[in-house]
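Colleague: A structural model of the following input is requested.
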Amino acid sequence: MDNLIFIGLPGCGKSTIGALVAKALSLPFYDADVVTERLAGETIPHMFEKGEAYFRTRETEAIRQLCQKDCCVISCGGGVVTRKENMALLKKTGTIFFLDRDVEAIIASVDTSTRPLLKEDAEKVRDLDQKRRPLYEGYADVKIPVGSAFKKTAAFIVEIWNKR
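Modeller: The predicted structure is shown next:
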């Protein structure tokens, strides 16, 4: 059994849905952002103060560590797709699910105080969607539409996983 790996825009539900899927499948759950903060010994907003490149390097270190694990659920940061190295590592260790949530729903629900790249405004979220969508779609093994009912989305993913 390989890993279930979730990618998508910040605020699309990766961490929430990932935790629900892990619980339903009785698998360990890892949030790459949490692992990145733990390894770096600082928060993501603090890392971004040192520049996005600094943060992305720390994130890649976390991805390397997470890819050593087997039979788990991994929720990745929204920008993990911006580094080919990250995606090459993840592709080798699991099935990549793109959680595709409507950008306007994300804008309406996201807490920008904890999302460094979204602090600017709603247009920033739309811009991220436009830039990253081709990457998410290109790297995904499975594209999952996400509505507001995260529990239903998680149950759907579990159903897909159990049928493979």
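Colleague: where does residue 74 fall, secondary structure wise?
Modeller: Taking DSSP states H and E as the criterion, residue 74 maps to strand 73-75.
Colleague: how far out from the middle of the chain is the next helix or strand after that strand?
Modeller: Per DSSP H and E, the first helix or strand lying C-terminal to strand 73-75 is helix 84-93. When distances are taken as CA atoms, centre = their mean, to the nearest Å, helix 84-93 is centred 13 Å away from the chain's centroid.
Colleague: buried stuff in helix 84-93?
Modeller: By 16 or more other CB atoms under 10 Å, the buried positions in helix 84-93 come out as 86, 87, 89, 90, 93. (C-beta placed from N, C-alpha, C; glycine too.)
Colleague: now do stretch 123-131
Modeller: 125, 128, 129.
Colleague: and which of the buried residues of helix 84-93 is nearest to residue 45?
Modeller: Among the buried residues of helix 84-93, residue 86 lies closest to residue 45 (CB to CB), at 20.3 Å.
Colleague: got the contact list for the closest one?
Modeller: Taking CB atoms under 8 Å, 6 or more residues apart in numbering, we find residue 86 in contact with 59, 60, 63, 76, 80.
Colleague: enumerate every residue touching the fourth one.
Modeller: Right, the one you point to is residue 76. Counted by CB under 8 Å, 6+ apart, residue 76 has contacts 5, 6, 7, 14, 32, 63, 86, 90.
Colleague: let me have the residues you listed in a markdown table, adding distance to residue 103, secondary structure and pLDDT as columns.
Modeller: A markdown table is the format used below for these (distance: CB to CB, whole Å; DSSP: H, G, I helix; E, B strand; the rest coil; pLDDT from 0 to 100):
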| residue | distance to residue 103 | secondary structure | pLDDT |
| --- | --- | --- | --- |
| 5 | 22 | strand | 98 |
| 6 | 17 | strand | 99 |
| 7 | 15 | strand | 98 |
| 14 | 15 | helix | 97 |
| 32 | 22 | helix | 98 |
| 63 | 25 | helix | 98 |
| 86 | 22 | helix | 97 |
| 90 | 23 | helix | 97 |
